[in-house]
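Q: coords please:
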Amino acid sequence: MVVLKTLDEIKEIKKANEIIARLYEEVLPKYIKAGVSTLELNNIIEDYIRTAGAIPATIGVGGPVNPYPAGSCISVNEEVVHGIPRANKILQEGDIVGVDVVTNLNGYFGDSAITFPVGKIDEEATRLLEVTKVARDIGIEAAVAGNRLGDVGHAIQQYVEKNGFTVVRDFSGHGVGKAMHEDPCIPNFGRRGRGLKIEDGMVLAIEPMVNEGSYKVSIENDGWTVVTRDGKRSAHFEHSIAIIDGKPLILSKLD
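A: Have a look, this model is predicted:
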């Protein structure tokens with residue numbers, strides 16, 4: 001069931017998202033470089049979130065059997081999403097690294113992701129990042145009241161495939177706000193005019209995951225890390241948005 005948010009609730013959700021926006025814009029770019037481990041990055045992220053008065057919300061997700069162990073998901077090259085930060089996972093010049101962070105600030109959740117280049121990356125990686133970022137923005141533009149979720153997915157898919165890449169189909173965007181994952185599910189592919197109608201008060205995470213090669217993915221033995229089956233690279237960009245007065249307002253960027 002989709003729970004619509006009040007304007008006051010949206011303000012609180014925005015505060016949780018702004019912590020991530022500052023992290024991505026002002027903090028992490030200084031540390032994304034060759035020779036740094038993904039665990040080092042995670043420790044910086046967790047410290048920053050806690051200093052801001054929030055909780056790194058991904059820790060412990062998944063329950064008692066195989067809880068997610070870190071305060072961020074850091075995915076390198078062929079890793080699509082949910083990469084577990086590790087001391088022996090060292091960034092190399094030319095890598096691309098996706099960082100996905102969820103914050104819990106006084107019971108309200110922020111969720112945003114970005115893929116960073118590590119030093120100088122090749123032309124195809126540059127294009128992959130740019131196409132994925134634009135696809136996210138095109139999806140957001142389609143998220144207006146009266147449209148349907150299929151319109152969002154269709155817009156993302158058409159743009160990505162026109163540029164020679166593919167969208168991951170096994171993972172999707174989602175509602176967010178009072179929990180990390182809420183209804184509705186928002187696929188990054190679809191048909192116009194299908195799916196739930198978008199309306200004021202919805203808070204949605206729009207997050208295309210785009211692959212260089214096939215859209216098919218697998219989950220590694222750790223039970224979390226999603227990788228492309230063909231070993232080609234993947235990029236991930238995500239914003240949390242709210243539908244206000246019929247239009248999308250991006251919550252996970254600084255004003």
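
Q: who does Asp111 form a beta bridge with?
A: Val102 (DSSP bridges).

Q: OK, contacts around it?
A: 17, 20, 100-103, 176, 180, 205, 238, 240, 252 (C-beta atoms under 8 Å, 6 or more residues apart in numbering). Glycine gets a C-beta too; all of them are placed from N, C-alpha and C.

Q: where is the longest helix in the chain?
A: Counting residues, the longest helix found in the chain (DSSP state H) is helix 123-142.

Q: which strands and helices sit next to that helix?
A: Packed against helix 123-142 by the contact rule (3 or more C-beta pairs under 8 Å, 6 or more residues apart in numbering; DSSP states H and E) you find strand 96-105, strand 108-117, helix 149-162, strand 203-206, strand 209-211, strand 234-236, strand 239-244, strand 247-250.

Q: any idea of the mean pLDDT for that helix?
A: For helix 123-142, the mean pLDDT works out to 98.

Q: now stretch 146-155
A: The pLDDT scores in stretch 146-155 average 98.

Q: wouldn't Gln92 be in contact with Pro117 here?
A: No: between Gln92 and Pro117 there is no contact under C-beta atoms under 8 Å: 11.7 Å.

Q: higher neighbour count, the two?
A: Neighbour count, other C-beta atoms under 10 Å: between Gln92 and Pro117, Pro117 has more, with 16 against 12.

Q: any chance of TSV for the helices and strands packed on helix 123-142, columns distance to Met1?
A: Converted to TSV, the helices and strands packed on helix 123-142 look like this (distance: least, C-beta to C-beta, whole Å):
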stretch	distance to Met1
strand 96-105	21
strand 108-117	17
helix 149-162	15
strand 203-206	14
strand 209-211	26
strand 234-236	27
strand 239-244	17
strand 247-250	21
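
Q: so which of those gets nearest Pro187?
A: When the helices and strands packed on helix 123-142 are compared by C-beta to C-beta, helix 149-162 sits nearest Pro187, at 4.6 Å.

Q: next one: the closest one to chain centre, how far?
A: Relative to its chain's centre, helix 149-162 lies at 17 Å (C-alpha atoms, centre = their mean, to the nearest Å).

Q: just after that helix, pick out the following helix or strand.
A: Going down the chain from helix 149-162, the next helix or strand is strand 166-167, by DSSP states H and E.

Q: that following strand packs against which elements?
A: Counting contacts by 3+ C-beta pairs under 8 Å, 6+ apart, strand 166-167 packs against helix 149-162, strand 209-211.

Q: for the first one, which positions count as buried?
A: Think helix 149-162. By neighbour count on 16 or more other C-beta atoms under 10 Å, the buried set for helix 149-162 is 149-157, 159-160.

Q: likewise stretch 223-234?
A: Residues of stretch 223-234 classed as buried: 224-228, 232-234 (neighbour count, 16+ other C-beta under 10 Å).

Q: not counting sequence-adjacent ones, nearest residue to Lys253?
A: Using C-beta to C-beta, 6 or more residues apart in numbering and skipping residues adjacent in sequence, the residue nearest Lys253 is Ala21, 5.1 Å away.

Q: check which helix or strand covers that neighbour.
A: helix 7-22.

Q: ok and that helix relative to strand 239-244, angle-wise?
A: 160 degrees (axes from the mean of the first three to the mean of the last three C-alpha atoms, to 10 degrees).

Q: name the residues that touch helix 7-22?
A: With C-beta under 8 Å, 6+ apart, helix 7-22 has contacts from 5, 48-49, 52, 54, 101, 103-106, 108-112, 176-178, 203, 240, 242, 244, 249, 251-254.

Q: report how many residues lie close to Leu251.
A: Leu251 is flanked by 27 other residues according to other C-beta under 10 Å.
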